[in-house]
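1. Predicted model follows, preceded by the sequence.
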Amino acid sequence: MKMIGFALFGLSLFFISCDTPKYIYEESHLYTLERPWTFDDTLIYRFEIKDTNRYYNLLLEVDHDKNYAFENLYVKFETLFPDTKVTTDVVSISLADAYGAWYSDCRGKTCTFYLTMQEQVIFAKPGAYQITLLPWMRSDTIKDIYRVAFRVEKDDKR
């Protein structure tokens, strides 16, 4: 009986190890009604790239209330490269269509919006990268945003 238990344990470890996470970096910032996301709250995501011979995907997730007042979210992205070069881009993330239907996956009062920021990115240089994300709305306080998560994922294609 002990051999069967040991074999099942070993088999379960094998299956768990076969499905390793593809994320090399993942971080979330959380907000509440009492502590909403504000213009002064800069989100900084730092990650290390070692393998410059593979593709990566840059992913963003935003949790928001079903009563979020806008159909989009304006954000400013700044990318700091290992050679200290900085690029800046302001992006409008469309969370809903013109009729107010959410593009997000909604459950209960909370919706999760999934955005592939860039797909199959090749990082030219190994080293430390930094993505800085700032809210770029007309209001200084962004109500009804509960979580902003950023991930760097290994792509299978290279």
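-> That came in fine, so what should we check first? Computed from a prediction, not measured in an experiment: that's the story for all the values here.
2. check contacts around the residue lying closest to Leu115 once chain neighbours are set aside.
-> Taking C-beta to C-beta, 6 or more residues apart in numbering as the measure, Leu115 lies nearest to Leu60, with 4.4 Å between them; neighbours along the chain are not counted. Backbone N, C-alpha and C define where each C-beta goes, glycine included. Taking C-beta atoms under 8 Å, 6 or more residues apart in numbering as the definition of contact, the neighbours of Leu60 are 93, 114-115, 117, 148-151.
3. Show the buried residues in these.
-> Buried members of these, scored by 16 or more other C-beta atoms under 10 Å, are 117, 148-151.
4. His64: neighbour count?
-> Neighbour count of His64, defined by other C-beta atoms under 10 Å: 27.
5. circling back to that earlier point, what's the lowest-pLDDT member of the buried ones among the contacts of Leu60?
-> Within those, the minimum per-residue pLDDT falls on Met117 (93).
6. And the helices in this structure?
-> All helices of the chain, identified by DSSP state H, fall at 2-18.
7. Backbone dihedrals for Pro126, please?
-> Torsion angles at Pro126 (phi, psi; degrees, to the nearest 10) stand at phi -70, psi 160.
8. For it, give me its contacts.
-> Taking C-beta under 8 Å, 6+ apart, we find Pro126 in contact with 49-52, 82.
9. Of those, which pair is most distant in space?
-> Spanning the widest gap among the contacts of Pro126 are Asp51 and Pro82, at 13.9 Å by C-beta to C-beta.
10. Who has more neighbours out of these two?
-> Between Asp51 and Pro82, counted using other C-beta under 10 Å, Pro82 has the larger neighbour count: 15 against 12.
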